[in-house]
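Engineer: Here you go, sequence then predicted model.
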Amino acid sequence: MLRITDARTGESLEAAPVRRGLTRIEAHAPGDDTASLRVLLVTDLLMRALELGGTPVWALLAGRSGQAELRASAAALGIRPLEDSHDVGAGLGEAQVIHVVAEGGGAPDGVRLAVGPVTPADGLPADWLRADADPAAVRLALLSEPRTGPARLDPDTLAAARGTLTRWRRAVADWARHPSRPIPEDVRGDLRTAWEDDLDMPAVLDVLRRVEAAGPDLPEGARFETYAYADRLLGLDLVRDLGAA
């Protein structure tokens, strides 16, 4: 089961204390900067992780209405749309409410999931949404750092993320040409243990690196299924190049 650290108390608790009970997630992103964008990314990861565990989720964007620029950037990163909290009335009898906030940020009373800053503060290059760019590299760069620590979006970091994405997508496309094989239970367990431990995305990425570097005893079809399964959480479009020449 997914456990998260409540930033108010420092205690670890279940993200979904009632099995199959509705969890409401409120993302508190008051600006249009990269720190707010990272808050939405962590909200997206929390949604995906809960849904993979069978928990229904209701996700909202708190703060001022509109935020068109932030929503456009979020969509480019593969972050699913959030309802505007101003358009929502009474609750739906949710079993848990989780507030996703920037580190040190305030929020209404309740469980708080804190998100670290992005450096440099202006973060994204001006042309990151040009037609030939791959916003998934930004997503991977943000996923590569612990959730509560600072994340860097400098040119070197983004170049490394683009290189990793290119290599993984080519590998996945190649593995897909081989007969499918089940994900080894120890690998599946390592993935779930990683993301259910306070959304430890660097640990999830480490599992994928181990699978990539594994010897010939791990069939290509099993590698493909592992990456496709993990991407349901990561949202990096790792199967994008399937069928490409």
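Structural biologist: Noted; the coordinates are in hand. Residues are numbered from 1 along each chain as shown.
Engineer: what's the domain layout of the protein?
Structural biologist: 3-133+145-152, 158-233 (automatic domain parsing).
Engineer: could you dump these to TSV with mean neighbour count, mean pLDDT and distance to residue 240?
Structural biologist: (C-beta placed from N, C-alpha, C; glycine too.) Formatted as TSV, the domains of the chain follow (neighbours: other CB atoms under 10 Å; pLDDT from 0 to 100; distance: least, CB to CB, whole Å):
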stretch	mean neighbour count	mean pLDDT	distance to residue 240
domain 3-133+145-152	17	84	11
domain 158-233	17	96	6
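Engineer: Let's have the ones you listed in TSV, adding distance to residue 243.
Structural biologist: Below are the domains of the chain laid out as TSV (distance: least, CB to CB, whole Å):
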stretch	distance to residue 243
domain 3-133+145-152	20
domain 158-233	7
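Engineer: List the contacts of the residue most central in space within the chain.
Structural biologist: Nearest to the geometric centre of the chain sits residue 45, at 3.4 Å (CA atoms, centre = their mean). Residue 45 makes contact with 143, 195, 199, 201, 233, 235 under the criterion CB atoms under 8 Å, 6 or more residues apart in numbering.
Engineer: which of the residues you listed lies closest to residue 61?
Structural biologist: The shortest gap between residue 61 and any of the contacts of residue 45 belongs to residue 235, at 17.7 Å (CB to CB).
Engineer: Now the closest one: closest residue in space, sequence neighbours ignored.
Structural biologist: Leaving aside its chain neighbours, residue 235 sits nearest to residue 78 (4.5 Å; criterion: CB to CB, 6 or more residues apart in numbering).
Engineer: element containing the one you found?
Structural biologist: Under the criterion DSSP states H and E, no helix or strand holds residue 78.
Engineer: what's downstream of the lengthiest helix in the chain, the next helix or strand?
Structural biologist: Counting by DSSP state H, the longest helix found in the chain is helix 155-175. Of the helices and strands lying after helix 155-175 in sequence (DSSP H and E), the nearest is helix 185-195.
Engineer: Could you export the helix or strand following that following helix as PDB, CA atoms only?
Structural biologist: Going down the chain from helix 185-195, the next helix or strand is helix 201-213, by DSSP H and E. Extracted in PDB, the C-alpha atoms of helix 201-213 (Å, rounded to 0.1, in the frame of the first residue of the first chain):
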ATOM      1  CA  MET A 201      10.600   8.000  -8.200                       C
ATOM      2  CA  PRO A 202      14.500   7.900  -8.200                       C
ATOM      3  CA  ALA A 203      14.200   4.400  -6.800                       C
ATOM      4  CA  VAL A 204      11.700   3.400  -9.600                       C
ATOM      5  CA  LEU A 205      14.100   4.700 -12.200                       C
ATOM      6  CA  ASP A 206      16.900   2.700 -10.600                       C
ATOM      7  CA  VAL A 207      14.900  -0.400 -11.000                       C
ATOM      8  CA  LEU A 208      14.500   0.300 -14.700                       C
ATOM      9  CA  ARG A 209      18.200   0.900 -15.100                       C
ATOM     10  CA  ARG A 210      18.900  -2.500 -13.500                       C
ATOM     11  CA  VAL A 211      16.500  -4.100 -15.900                       C
ATOM     12  CA  GLU A 212      18.200  -2.400 -18.800                       C
ATOM     13  CA  ALA A 213      21.600  -3.600 -17.700                       C
END
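Engineer: Please tell me how far helix 201-213 is from the chain's geometric centre.
Structural biologist: Centroid displacement of helix 201-213 relative to its chain, using CA atoms, centre = their mean, to the nearest Å, is 15 Å.
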